[in-house]
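*Asks:* Using only what follows, build the 3D model:
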Amino acid sequence: MGLYSAVMRNVTLPLYDLARDTSRFQFGRVLNKTQWLPRKDIKKLQNQNLRLLIRHAYDTVPYYNRIMKQKGVFPDDVRCVEDLMKLPVLTKEDVRENSADLVSRGFPAKDLVSYTSGGSGDQLRFFVTKDQLSWEIAAEFRAYGWADYKLGDKCFMFWASPIDLSKYKTVQRRVTSKLERVFVVDTYIISNQVLAKFASLLRARHPKIIKGYTSSIYLMAKYLVDNGIDCVRPKAVITTAETLFGSMRATIEEAFGCQVFDYYGSREVGGLAAECPEHSGYHISAENVAMEFVKDGQQVAANEKGVVLVTSLRNYGMPLIRYRLGDVGSPSDKVCECGRGLPMVNTIEGRISDFMAVYDKKLGRVVPVGPIYPLIIYGLMKVPLRSVRVVQNTVNKLEIKAVKSPGYSQEHTDYLINQMHSALGEDVQIEFEFLDSLPPLPSGKRSTFVSKVNAF
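*Replies:* Just a heads-up that it's a prediction; the model follows:
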């Protein structure tokens, strides 16, 4: 550990906690120990934390008191994560409609911190306690430590969320970013000129860590490879906020000459899971969260796909129990060779809206197929398009919004249509719309495929 990082971790962070009445330093030390416990002991700790949360929610949160009584479920009926099936799923719509009743009566409003998730038109307001913030940041930096990123290391951060970027302009955030040596660039709008500027900044700053939106880092990496720039050599790259596909990982590792560590979190709950140096899956932050993977109302078996439900075990101010994130993942029953006892996830395969929806005649209903992102990327590699987004408006209709590069012709359009018909069937209608620029979604994410048909 460098001297500056050591001072930041052991002196500045404790002082920061004292000034802000937080516990990042204390909780970080706890989590760095518990990760090495045997799987059964971590499971026991997780279930203990769950039982405490369920009792608190029943006693002090009007929404859960009402819902549990309606279901005939009482705190002693929920003893472990598997028992969560007795409670209903909590959706974003439920949170919006019951916002006041989801706040615990055991916390004065002044002790809660307000946060917002989602983009414009789809924002969700929720509240967290300072302990929750401390636990989630401690889990975040524990995961960063698996990539050998320590507080105070020089970090170059690619970020695109308008909500977060506005906060980085405040005096307080500027000061903390300076102390933590985090340099943030706005990737909401990306062009070759912007990427050229970022490349110059990377060369000048020599960051130890590169971190940020997966698509932003991928576009940066592709620019470096395409332009033969190979002098940016961080120790690790940490991707987050969007699905990391194999082709993207390969390009990023080629561009930066280091390993990529994928990190999975949510604004509502914080750090959920992350890769360790073994890269054999994602370790769940089981001391802080319970994760379920469900399909057709039942928890799926290991290695099967399911919709992700999360329960925050530390947020007593506004408990979110069985909260439906809208992601799809696959749980694992393997034990990682790294020695950590934390349970694992095989893959986080993207948002529900990343999955193509098709009508299955045998089942008589709409079902999901795998994300078509790899197909789109493969097609993009064959034609001169700068950017593209495919929108599924109905089961049998795709709308493709794209920005042409020099040399693009009708033959390229025909090629892409044939590729998609071969993969998806001739019945799918495909419409193209060519634009001068393709902005990201309101959240700042550059989703290449968006389905408006919910197949889950």
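*Asks:* can we go C-alpha only for contacts and neighbour counts from here?
*Replies:* Noted.
*Asks:* May I ask which helix or strand of the chain has the lowest mean pLDDT?
*Replies:* Sorting the helices and strands of the chain by mean pLDDT, DSSP states H and E puts strand 365-371 at the bottom, at a mean of 57.
*Asks:* Give the residue spans of the protein that score low on pLDDT.
*Replies:* 1, 118-122, 162-169, 350-381, 423-424, 442-446, 454-456 (pLDDT under 70).
*Asks:* which residues of the stretch 51-200 of the chain fall in strands?
*Replies:* Applying DSSP state E, counting those that start in this stretch to the stretch 51-200 of the chain gives strands spanning 112-117, 124-129, 155-159, 182-186.
*Asks:* Dump those strands into JSON lines; add mean neighbour count as well.
*Replies:* Formatted as JSON lines, the strands of the stretch 51-200 of the chain follow (neighbours: other C-alpha atoms under 10 Å):
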{"stretch": "strand 112-117", "mean neighbour count": "15"}
{"stretch": "strand 124-129", "mean neighbour count": "20"}
{"stretch": "strand 155-159", "mean neighbour count": "24"}
{"stretch": "strand 182-186", "mean neighbour count": "18"}
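*Asks:* now for these, which one comes closest to Met85?
*Replies:* Closest to Met85 of the strands of the stretch 51-200 of the chain is strand 124-129 (C-alpha to C-alpha; 23.6 Å).
*Asks:* same for the closest one, what does it pack against?
*Replies:* Secondary-structure packing of strand 124-129 (3 or more C-alpha pairs under 8 Å, 6 or more residues apart in numbering; DSSP states H and E): helix 92-97, strand 112-117.
*Asks:* so which of these comes closest to Leu151?
*Replies:* The nearest among the helices and strands packed on strand 124-129, by C-alpha to C-alpha, is strand 112-117 at 23.3 Å.
*Asks:* which strands and helices sit next to the closest one?
*Replies:* strand 124-129.
*Asks:* contact partners of the strand it packs on?
*Replies:* By C-alpha atoms under 8 Å, 6 or more residues apart in numbering, the residues outside strand 124-129 that reach it are 92, 95-96, 99, 103, 111-118, 268, 315-318.
*Asks:* okay, stretch 43-57 in CSV with CA atoms only?
*Replies:* Extracted as CSV, the C-alpha positions of stretch 43-57 are listed here (Å, rounded to 0.1, in the frame of the first residue of the first chain):
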residue,chain,number,x,y,z
LYS,A,43,-25.1,-17.9,5.8
LYS,A,44,-25.8,-17.9,9.6
LEU,A,45,-24.8,-14.2,9.8
GLN,A,46,-26.9,-13.3,6.9
ASN,A,47,-30.0,-15.1,8.4
GLN,A,48,-29.4,-13.4,11.7
ASN,A,49,-29.4,-10.0,10.0
LEU,A,50,-32.5,-10.9,8.0
ARG,A,51,-34.5,-11.9,11.2
LEU,A,52,-33.6,-8.6,12.8
LEU,A,53,-34.7,-6.6,9.8
ILE,A,54,-38.0,-8.5,9.4
ARG,A,55,-38.8,-7.9,13.1
HIS,A,56,-38.0,-4.2,12.8
ALA,A,57,-40.0,-3.9,9.6
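*Asks:* what distance separates that stretch from the centre of its chain?
*Replies:* Its chain's average C-alpha position is 24 Å from that of stretch 43-57, according to C-alpha atoms, centre = their mean, to the nearest Å.
*Asks:* Mind listing what's buried along the helix or strand where Arg386 lies?
*Replies:* Assigned by DSSP states H and E, Arg386 belongs to strand 385-394. For strand 385-394, the neighbour count (16 or more other C-alpha atoms under 10 Å) marks 385, 387-392, 394 as buried.
*Asks:* Which single one of those is nearest to Val81?
*Replies:* Gln392 (35.3 Å).
*Asks:* these two touch, right, the closest one and Glu399?
*Replies:* Yes - judged on C-alpha atoms under 8 Å, Gln392 makes contact with Glu399 at a distance of 6.4 Å.
*Asks:* And the helices in the stretch 351-456 of the chain?
*Replies:* 373-382, 410-424 (DSSP state H, counting those that start in this stretch).
*Asks:* What is the burial count for Glu82?
*Replies:* 12 (other C-alpha atoms under 10 Å).
*Asks:* should've said Asp21
*Replies:* 12.
*Asks:* Run through the residues that contact the residue nearest to it when sequence neighbours are not counted.
*Replies:* The shortest distance from Asp21 to any non-neighbouring residue, by C-alpha to C-alpha, 6 or more residues apart in numbering, is to Lys130 (7.6 Å). The neighbours of Lys130, taking C-alpha under 8 Å, 6+ apart as the test, are 21-22, 111-113.
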